[in-house]
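Asks: Any chance you could fold what I've pasted below:
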Amino acid sequence: MLKSALALCLSLLLGSAWAAPAAGLSSPDGRLRIQLDIDGEGHARYSVLRNGQAVISPSRLGFLLTDAPKLDRHFTLTARSERSFDERWEQPWGEQRYIRNHYKELRLTLTEDASQKRSIDLILRAYDDGVALRYQFPDQSMLQNVNIGEELTEFNIASPATAWWNTAFEWNREEYLFKRTPVQEVGLAQTPMTMRTDKGLHISIHEAALVDYAGMNLARVEDRRFKAMLTPGSGGLPKVQRRAPFATPWRMILITETAAQLAESRMILNLNEPNAIGDVSWFKPMKYVGIWWEMHQDIATWGSGDKHGATTANALKHIDFAAKNGFGGVLIEGWNQGWDGDWVANGDKFSFTRPYPDFDLERITSYAKSKGVQLIGHHETSANAANYESQLGAALDLYSRLGVGSVKTGYVSDAAQARVPGADGVVRYGWHEGQDMARHHLKVVQEAAKRHIAINPHEPVKDTGLRRTYPNWISREGSRGQEFNAWGNPGNPPEHEANLVFTRLLAGPMDFTPGIFGMKTRQPTGVATTWAKQLALYVVIYSPIQMAADLLTNYEANPKPFQFIKDVPTDWSETRVLNGEVGDFVTIARKDRNSEDWFLGAVTDEHARSLNIKLDFLTAGQRYRAHIYRDGAKANYTTAREDIVIEQREVKAGASLQLRLAPGGGQAIRFEKLAAR
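Replies: Okay, here's the model as predicted:
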């Protein structure tokens, strides 16, 4: 009675815009709370608190529809249900073998009190490291065909903060360097967008389970208030066209005390459905080499001719190298007809079943199999998804027959220039993260799964954790991988990888293609790292497939540092983020899933750093031999990139190591478990 009276008094004092919380729930540990208010005009707003302090101030919810009145006001709360959930599930491969999925959930039905009488369900979830919400459109006569012009979900950041963000709706898709600005200076941002408040709280906004929907970007409206901006529909169609019932992707907000805790979160996976394709033991995480860097260096060409890279002889040489050094795969780009001429503009010319005459596909795959190596297929589409889909079945059948177990797909083209079939079968120009392309990528993954083939898209649709549901969706590119160090203008700066860990990599694995020893490239400043940092990236940037991306001759000439690339695994049982600050530095330790060895990687930006690392992650009472690959005394990303010291020492759990990182440098360590004395 007292609470009701207080609410009535406040409503009279503050006007109809204020309302007492209609519903809410707290995280399992009680620190986070997400709650829903409905104001006097029936607008639904959510807010998020941590330890009673606002993290997200009241933020509007709703939709603009293209063929019906907007869905954002005159709401009343007509039904609610609450549940708790706690499980431990196992990844078939991943950065963490076992994951706890522990949350509280509140489902609310909001119904218009006007003549429309339409309803929508709002589902709220609270985890210990963040909150999430999604909408569900129920089956109802008043709204069967849902044509969304815009989603009105807001994110009103309560406190001043610094933001790390990547611009949206530019021609080069995701391939931009992250900006670091006050939140009030963010323009139109892609997600994930990461923030650190002036009080030190870390926040990252992204989405999970993007299925048959348009990708979400963030538009700053005023001050620190952002609104969801969906990727446009193909050919001027509504941004989303669905028939009810259906659910939107989750809008997720990670909230942690430290940057390291952001990188350790598995919330995005927990917001996705469990494995939908069954046993995936046929996919084996692996390292690979390939006919790739030589094209980026203009030593060879994708197209046919005297410099053609994908020849039978070159392929056999790479297979021999992979077999000799224990690598599982060889990627070969430029093998199929269609690369001649302006292949970026002529994506309809690609054949995904016909090799060039100087590439004997049957012989190469047979030889690879005899050596215990797998050919990694390559399908560059130039974002002509329609041409690719017309050949998809035949292309995947060919690979299945030849024993090609994974495919790197590519969608090179300017933004909004994808050629993609819509749900009606009509081919239109679209965006890489529009609804039609989100549907296309999932179709490729599902068709590949039927044939026991894994998919690694480049120029991809954003990662939203769907690898849990479709574990053959193994990795993807985006966000300026290593290739920008070959020809980018500019190349990637030293801070780039320390940005990625706390931004792009919060979404999922990245096929960054590390391991470059040849520091001089077509890019005027070359590769802005040290050798030790290149080795550390195999631990710092997670992917179940990792490329030894350099020319084979550079590895053959430098066997000692190459040893770490040979030793480092690609599948892990545990991951610990030992320290880090966004864009500055990070240290990550991972335990091999198939042994008792641990591996550590540390990287820094342009500043030298000394980091004290406690070896608490090692097994107590166990001895380890630390194989250390560190920056030398003169190492520097501008003047002495190749200066590396390789040494060994015996260590135990609980001991400390001092990591000294050169400007633009890093350190890589293998902790090899030793037999008991």
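Asks: what residues are up against residue 628?
Replies: 645-649, 667-669 (CB atoms under 8 Å, 6 or more residues apart in numbering). For the C-beta atoms, the positions are set from N, CA and C on the backbone; glycine is no exception.
Asks: possible to save the residues you listed as TSV with neighbour count, pLDDT and distance to residue 453?
Replies: Shown next, in TSV, are the contacts of residue 628 (neighbours: other CB atoms under 10 Å; pLDDT from 0 to 100; distance: CB to CB, whole Å):
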residue	neighbour count	pLDDT	distance to residue 453
645	14	98	42
646	17	98	38
647	9	98	42
648	11	98	41
649	12	97	44
667	29	99	37
668	30	99	32
669	27	99	35
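Asks: how about a markdown table for the residues you listed, with distance to residue 551 added?
Replies: Shown next, in a markdown table, are the contacts of residue 628 (distance: CB to CB, whole Å):
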| residue | distance to residue 551 |
| --- | --- |
| 645 | 24 |
| 646 | 21 |
| 647 | 27 |
| 648 | 28 |
| 649 | 32 |
| 667 | 24 |
| 668 | 21 |
| 669 | 26 |
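Asks: Where strands are concerned, which of the residues you listed count?
Replies: Under the assignment DSSP state E, those contribute 645-649, 667-669 to strands.
Asks: Check those residues against residue 633 and report the nearest one.
Replies: Of all these, residue 633 sits closest to residue 645, with 8.1 Å by CB to CB.
Asks: Please report how far that closest one lies from residue 89.
Replies: Taking CB to CB, to the nearest Å as the criterion, residue 645 is separated from residue 89 by 42 Å.
Asks: Residue 45 in helix, strand or coil?
Replies: Recorded secondary structure, residue 45: strand (DSSP: H, G, I helix; E, B strand; the rest coil).
Asks: which parts of stretch 197-210 are buried?
Replies: For stretch 197-210, a neighbour-count test (16 or more other CB atoms under 10 Å) marks 197, 201-210 as buried.
Asks: Out of the ones in strands among the contacts of residue 628, flag the one nearest to residue 288.
Replies: Nearest to residue 288 among the ones in strands among the contacts of residue 628, counting by CB to CB, is residue 668 at 18.9 Å.
Asks: Now the phi/psi pair for the closest residue to the closest one other than its chain neighbours, please.
Replies: Sequence neighbours aside, residue 535 is the residue nearest to residue 668 in space, at 3.8 Å (criterion: CB to CB, 6 or more residues apart in numbering). The phi/psi pair for residue 535 (degrees, to the nearest 10) reads phi -70, psi -40.
Asks: Can you get me a residue count around residue 535?
Replies: Counted by other CB atoms under 10 Å, the residues lying close to residue 535 total 30.
Asks: for residue 390, helix, strand, or coil?
Replies: helix.
Asks: what's the spacing between it and residue 116?
Replies: Residue 390 is 42 Å from residue 116, by CB to CB.
Asks: and what of residue 632?
Replies: Here the distance between residue 632 and residue 116 works out to 70 Å (CB to CB).
Asks: More neighbours: which of the two?
Replies: Ranked by neighbour count (other CB under 10 Å), residue 632 and residue 116 place residue 632 first, with 18 against 14.
Asks: my read: that one touches residue 641, true?
Replies: No - counting by CB atoms under 8 Å, residue 632 stays clear of residue 641, with 10.3 Å between them.
Asks: quick one: the strands in the stretch 51-200 of the chain?
Replies: Ranges of strands in the stretch 51-200 of the chain, per DSSP state E, counting those that start in this stretch, are 53-60, 63-65, 75-90, 98-112, 119-127, 130-137, 145-151, 154-157, 161-165, 179-182, 188-189, 193-197.
Asks: Nearest approach to residue 226 belongs to which of the ones you listed?
Replies: strand 154-157 (4.5 Å).
Asks: Any idea how many residues pack against residue 517?
Replies: Residues within reach of residue 517, counting by other CB under 10 Å, total 23.
Asks: contacting residues for the spatially closest residue to residue 175 that is not a sequence neighbour?
Replies: Leaving aside its sequence neighbours, residue 175 sits nearest to residue 480 (CB to CB, 6+ apart; 5.2 Å). By CB under 8 Å, 6+ apart, the contact set of residue 480 is 175-177, 488, 492, 496.
Asks: Let's see which of those residues end up in helices.
Replies: Among these, the members falling in helices (DSSP state H) are residue 496.
Asks: For residue 261, state which of the contacts of residue 480 is nearest.
Replies: Comparing the contacts of residue 480 against residue 261 with CB to CB picks out residue 496 as the nearest, at 21.8 Å.
Asks: check contacts around the closest one.
Replies: With CB under 8 Å, 6+ apart, residue 496 has these contacts: 177-178, 480.
Asks: which residues does residue 241 contact?
Replies: Shown in contact with residue 241 (CB under 8 Å, 6+ apart): 145-148, 233, 423, 435.
Asks: Quick check on those: which are buried?
Replies: In the contacts of residue 241, the ones that pass as buried (16+ other CB under 10 Å) are 146-148, 233, 435.
Asks: So which of those is the closest to residue 329?
Replies: Distance to residue 329, by CB to CB, is smallest for residue 435 among the buried ones among the contacts of residue 241, at 32.8 Å.
Asks: Test my guess that the closest one contacts residue 216.
Replies: No - using CB under 8 Å, residue 435 is not in contact with residue 216, being 11.5 Å away.
Asks: Quickly list what's touching both of those two.
Replies: Contact criterion CB under 8 Å, 6+ apart; residues shared by residue 435 and residue 216: residue 231.
Asks: residues in contact with the helix or strand where residue 534 lies?
Replies: Applying DSSP states H and E as the criterion places residue 534 in helix 531-540. For helix 531-540, contacts defined as CB under 8 Å, 6+ apart pick out 497, 501, 512, 514-517, 527, 546, 561, 564-565, 568, 586, 588-590, 599-604, 629-631, 635, 637, 641-644, 661-662, 664-668.
Asks: ok, of those, which come out buried?
Replies: Buried among the contacts of helix 531-540 by 16+ other CB under 10 Å: 497, 501, 512, 514-517, 527, 546, 561, 564-565, 568, 586, 588-590, 599-604, 629-631, 635, 637, 641, 643-644, 661-662, 664-668.
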